[in-house]
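Trainee: make a model of this:
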Amino acid sequence: MDLTTAPLPTAVADYEVLHMLGEGGHGRCYLARPPARLGLDEPVVVLKVLADRVGEHAFTCGVRELRAVCAVGSPYVVRVFDAVWEDVVVYAMEHLPLGSLNDPGRPLARIEVLTALEHAARAAHDLHEAGIAHGGIRPGNVLLEETGGMLGGRLSDPGLARVLTPGAAVTGTGRVDALEFTDPALLAGAAPSRRSEVWALGATIHRALTGASLYGRPLGPQPLEAIRQVFSTRPQVRPGLEPAEGALVRACIAEDGVRLASAVDVADALAALRSLP
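Mentor: Numbers count the residues shown, from 1 in each chain. As a prediction, the model looks like this:
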C-alpha cells in the first residue's frame with residue numbers, strides 16, 4: 001500500500017473507510033466503520049495505517065507492544081481495539097471527535113488545557129509503571145474527550161510506544177516536527193526513561209499554553225538541520241506563561257539531576273495549577 005499516491009480506499013482489511021482524518025510522516029488516519037467480528041458498541045473508529053512496509057516479525061512485535069499498552073487499562077490512554085497486517089501495520093482505536101490540543105474542535109479555556117495536560121501526564125505515568133515509554137508525547141497526541149460537560153485528555157498513538165529496557169537506543173529521528181518535543185539526550189543516544197518523557201511533557205505544556213516552541217522558531221526543514229538546531233539552541237521558556245506555569249516547564253526540561261523525577265510529579269503540579277485563582 002503506497003500512501004503517497006494511493007487514492008482514498010473504500011475499505012482497509014475488513015473496515016469500511018468513510019473519509020480521511022489526516023496524514024503525516026507516519027501514515028494516514030481514516031474514520032471507518034468497524035467489522036462486526038469486533039463486537040464493538042462504537043459506530044466508528046479511527047483506523048491508523050502506518051506508512052512503512054513491515055514484515056511479519058515486525059508486525060508481531062508491534063502487536064505485542066499494542067497489547068501491552070491495552071493491558072495497562074489506564075483511563076487516560078486512548079483505547080486500541082484491533083491490529084491487522086497488510087504489508088503495513090494497521091490498527092483501530094477509539095474516535096474522539098473533539099480533536100487534540102494541537103487542533104481542538106472548539107476554543108479551549110486555559111483550565112481545560114491544564115486538565116488535558118494533567119491527564120496526559122497521568123497516562124504517561126500509568127504506562128511507565130507498566131514498563132512502557134510512550135515515545136511520542138506532544139500536543140497532537142493529547143486527544144480531547146468531553147464527559148458530563150467536563151473536558152479531559154487522553155494520550156494517543158501507542159503504536160509508537162517504546163519498551164523501557166536498559167541500553168535501548170533511538171533508532172531514528174522521526175518526523176522533524178516531533179523533535180521539538182524530544183529530549184536532546186535521546187538524540188545523543190541516551191536510553192528512553194521516565195525523565196526523557198518528563199522533558200517531552202514540559203515541551204508539550206509549553207507549546208499548548210504559549211503556542212510557541214522552546215527553541216523560539218520552527219525546526220528544520222531537514223532532519224540534520226533540525227538536530228543541529230536542537231544541539232545549538234538552549235531551550236527557553238517564552239512569554240505568556242504564569243510564573244508557576246513557567247516554573248513547571250523549567251522543572252521538566254532541567255538537567256537530568258534536578259529534573260522532575262516522574263510523570264506523576266508533572267500531573268500533580270498541573271492539578272495544583274488548576275486550583276490557582
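
Trainee: which residues of the stretch 51-200 of the chain fall in helices?
Mentor: Using DSSP state H, counting those that start in this stretch, the helices of the stretch 51-200 of the chain run over 56-72, 110-129, 184-187, 194-210.

Trainee: in TSV, list the ones you listed along with distance to His95, mean neighbour count and mean pLDDT.
Mentor: Every residue, glycine included, has its C-beta placed from N, CA and C. TSV is the format used below for these (distance: least, CB to CB, whole Å; neighbours: other CB atoms under 10 Å; pLDDT from 0 to 100):
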stretch	distance to His95	mean neighbour count	mean pLDDT
helix 56-72	17	15	81
helix 110-129	17	23	97
helix 184-187	31	18	90
helix 194-210	22	25	97
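
Trainee: out of those, nearest to Asn102?
Mentor: Closest to Asn102 of the helices of the stretch 51-200 of the chain, according to CB to CB: helix 194-210, at 8.2 Å.

Trainee: downstream neighbour of that closest one in the secondary structure list?
Mentor: helix 223-232 (DSSP states H and E).

Trainee: just to revisit the earlier point, including distance to Pro223, could the helices of the stretch 51-200 of the chain go into JSON lines?
Mentor: Listed next are these as JSON lines, based on distance: least, CB to CB, whole Å:
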{"stretch": "helix 56-72", "distance to Pro223": "22"}
{"stretch": "helix 110-129", "distance to Pro223": "25"}
{"stretch": "helix 184-187", "distance to Pro223": "10"}
{"stretch": "helix 194-210", "distance to Pro223": "18"}
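
Trainee: how about those, which one is nearest Arg33?
Mentor: Closest of the helices of the stretch 51-200 of the chain to Arg33 is helix 56-72, at 20.7 Å (criterion: CB to CB).

Trainee: so where is the protein shaky, pLDDT-wise?
Mentor: Low-confidence segments of the chain, defined by pLDDT under 70: 1-6, 25-26, 158-176, 220.

Trainee: sorry, back to before: identify whichever of the helices of the stretch 51-200 of the chain lies nearest to Leu143.
Mentor: Taking the helices of the stretch 51-200 of the chain one by one with CB to CB, helix 110-129 is closest: 8.5 Å.

Trainee: tell me what angle the closest one forms with helix 194-210.
Mentor: In terms of direction (axes from the mean of the first three to the mean of the last three CA atoms, to 10 degrees), helix 110-129 departs from helix 194-210 by 170 degrees.

Trainee: gap between Arg274 and Pro7?
Mentor: For Arg274, the distance to Pro7 (CB to CB, to the nearest Å) stands at 45 Å.

Trainee: who has more neighbours, those two?
Mentor: Just comparing Arg274 and Pro7: by other CB atoms under 10 Å the higher neighbour count belongs to Arg274, 14 against 5.

Trainee: pretty sure the more buried one contacts Glu112?
Mentor: No. Arg274 is beyond contact range of Glu112, at 9.5 Å (criterion: CB atoms under 8 Å).

Trainee: sorry, back to before: among the helices of the stretch 51-200 of the chain, which comes closest to Asp256?
Mentor: Among those, the nearest to Asp256 by CB to CB is helix 194-210 (5.7 Å).

Trainee: that older thread, wait, which of the helices of the stretch 51-200 of the chain is closest to Gly136?
Mentor: helix 194-210 (8.1 Å).

Trainee: can you give me the offset of that closest one from its chain's centre?
Mentor: Distance, stretch centre to chain centre, for helix 194-210: 11 Å (CA atoms, centre = their mean, to the nearest Å).
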